[in-house]
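**Student:** here is a sequence together with a model predicted from it:
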Amino acid sequence: MSIVPAAIDEIPVFAEVDMGAGDQSSSTIVRATVVQASTIFYDTPATLDKAERLLAEAVSYGAQIVVFPEAFVGGYPRGSTFGVTIGNRTAKGKEDFRKYHAAAITVPGPEVDRLAAMAGKYKVYLVMGVIEKEGYTLYCTVLFFDSQGHFLGKHRKLMPTALERIIWGFGDGSTVPVFETPVGKIGAAICWENRMPLLRTAMYAKGIEIYCAPTADSRDIWQASMTHIALEGGCFVLSANQFCRRKDYPPHPEYEFSGEQDLSPESVVCAGGSVIISPSGTVLAGPNYDGEALISADLDLGEIARAKFDFDVVGHYARPEVFSLTVKDHPNSPVNFTSSGKPEGSHK
């Protein structure tokens, strides 16, 4: 593996590429990059500027698909409790939510337009973790863009984990897409959604080939999940996480970090661990725990067929006469309006 140093505004960034070995002339090779970097918290315009710098750097290494971490635009509110205890919410916590809501984006909206323009400008497939707002409810969402600058669609996190449930709404089956593109069939599951076997099975049934896993989990055990998914699905897994220090969040008391007394500005609060894994379970690049980084690898798409010759979980290894899965992929709306068919102004 070669490691090529680069720099973005004095950020230590590395492109890691495993070129592989053997005859690849009959296979499609796609260069993929996962971004490991922190949000500029409460400052969405500055975060978008940073995203563009990182995207440009990734493309300079030849990236054709770039995956950003969970909640990169809008921020992952690590360490914050939003002033919540059972049966009570503080005024400070409510104000924290107001500021967090203000940093979120609408889909569609001007920030989505800018991300689409970035993808088109750099001719790259872009997978971006955002905090989406619809009215006053927030969602942890992944957005997909093609290399022509088109917004393809979104995936909303189906099941926020633990305290995430007080700040994020739940997605539904209408936003579990897999997009067919010239660089492969692309989809995403966010963080601990990746531990939901029925969701994974639905994505495998849609033919996913490049499985994106934006996350906030930097523990060593996360690597076991990523390897298992690559083997189970016979797909490439691209997992992107933020690398954050306490100083990447606003200072106390503007941002109240749990365990604040034990943290210095340089304390690492999320150690990254971003990784790229092949359908055979081989780690192609990463995991990186050293700082902000661009982590890249060449994906030989022929490896998918070679892996599925051994094991195709929704093909020759399926047993539909024993097991079946029904996916409800329609939107769930809390309010539905039906027209009475009466002319406007009619009271009859």
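**Tutor:** All right, it came through fine.
**Student:** any idea of the pLDDT on the spatially most central residue of the chain?
**Tutor:** Taking CA atoms, centre = their mean, the centroid of the chain lies closest to residue 214, which sits 3.1 Å from it. Per-residue confidence at residue 214 stands at 98 (pLDDT).
**Student:** and it, what does it touch?
**Tutor:** Neighbouring residues of residue 214 by CB atoms under 8 Å, 6 or more residues apart in numbering: 67-72, 127, 129, 142, 188, 190-191, 239-241. Heads up, the C-betas are built off the backbone N, CA and C, glycines and all.
**Student:** again, but for residue 64
**Tutor:** By CB under 8 Å, 6+ apart, the contact list for residue 64 reads 30-32, 124-125, 147, 183.
**Student:** which member of those is positioned nearest residue 262?
**Tutor:** Comparing the contacts of residue 64 against residue 262 with CB to CB places residue 32 closest, at 36.8 Å.
**Student:** which residue packs closest to the closest one, ignoring adjacent ones?
**Tutor:** With CB to CB, 6 or more residues apart in numbering as the criterion, residue 32 has its nearest non-adjacent residue at 4.9 Å, and that residue is residue 65.
**Student:** hang on, the one you found packs against residue 122?
**Tutor:** No - with contact defined as CB atoms under 8 Å, residue 65 and residue 122 do not form a contacting pair (11.3 Å).
**Student:** compare neighbour counts for those two and give me the winner.
**Tutor:** For residue 65 against residue 122, the residue with the higher neighbour count under other CB atoms under 10 Å is residue 65, and the figures read 24 against 18.
**Student:** can you give me phi and psi for the more buried one?
**Tutor:** In this entry, residue 65 is assigned phi and psi values of phi -140, psi 130 (degrees, to the nearest 10).
**Student:** for it, give me the pLDDT.
**Tutor:** On pLDDT, residue 65 comes in at 98.
**Student:** biggest helix in the chain by residues?
**Tutor:** helix 44-60 (DSSP state H).
**Student:** next SSE after that helix?
**Tutor:** Proceeding C-terminally, helix 44-60 gives way to strand 65-67 as the next helix or strand, assigned by DSSP states H and E.
**Student:** related to what we said a few turns ago, name the nearest of the contacts of residue 214 relative to residue 271.
**Tutor:** Within the contacts of residue 214, the smallest distance to residue 271 is 8.3 Å, found for residue 241 (CB to CB).
**Student:** now the residue lying closest to residue 134 once chain neighbours are set aside: how far from residue 207?
**Tutor:** Leaving aside its chain neighbours, residue 134 sits nearest to residue 106 (7.4 Å; criterion: CB to CB, 6+ apart). Distance, residue 106 to residue 207, by CB to CB, to the nearest Å: 30 Å.
**Student:** please apply the same query to residue 34.
**Tutor:** For residue 34, the distance to residue 207 under the criterion CB to CB works out to 22 Å.
**Student:** neighbour count winner among the two?
**Tutor:** Neighbours were counted for residue 34 and for residue 207 using other CB under 10 Å; residue 34 has more, 33 against 14.
**Student:** flag every buried residue along whichever strand or helix holds that one.
**Tutor:** Using DSSP H and E, the element containing residue 34 is strand 29-36. For strand 29-36, burial by neighbour count (16 or more other CB atoms under 10 Å) applies to 30-36.
**Student:** check stretch 158-176 too.
**Tutor:** Neighbour count says stretch 158-176 has 158-161, 164, 167-169, 171, 175-176 buried, by 16+ other CB under 10 Å.
**Student:** what's in contact with that stretch?
**Tutor:** 77, 81-82, 84, 97, 100, 131, 134, 137-141, 153-157, 187, 191-193, 196, 199, 202-203, 206, 327-332.
**Student:** what bits of the chain have low per-residue confidence?
**Tutor:** When the per-residue scores of the chain are filtered using pLDDT under 70, the ranges that remain are 1-27, 340-348.
**Student:** so how far is stretch 243-251 off the chain centroid?
**Tutor:** In terms of CA atoms, centre = their mean, to the nearest Å, the centre of stretch 243-251 is set 20 Å apart from its chain centre.
**Student:** got the end-to-end distance for it?
**Tutor:** When the termini of stretch 243-251 are compared using CA to CA, to the nearest Å, they are 17 Å apart.
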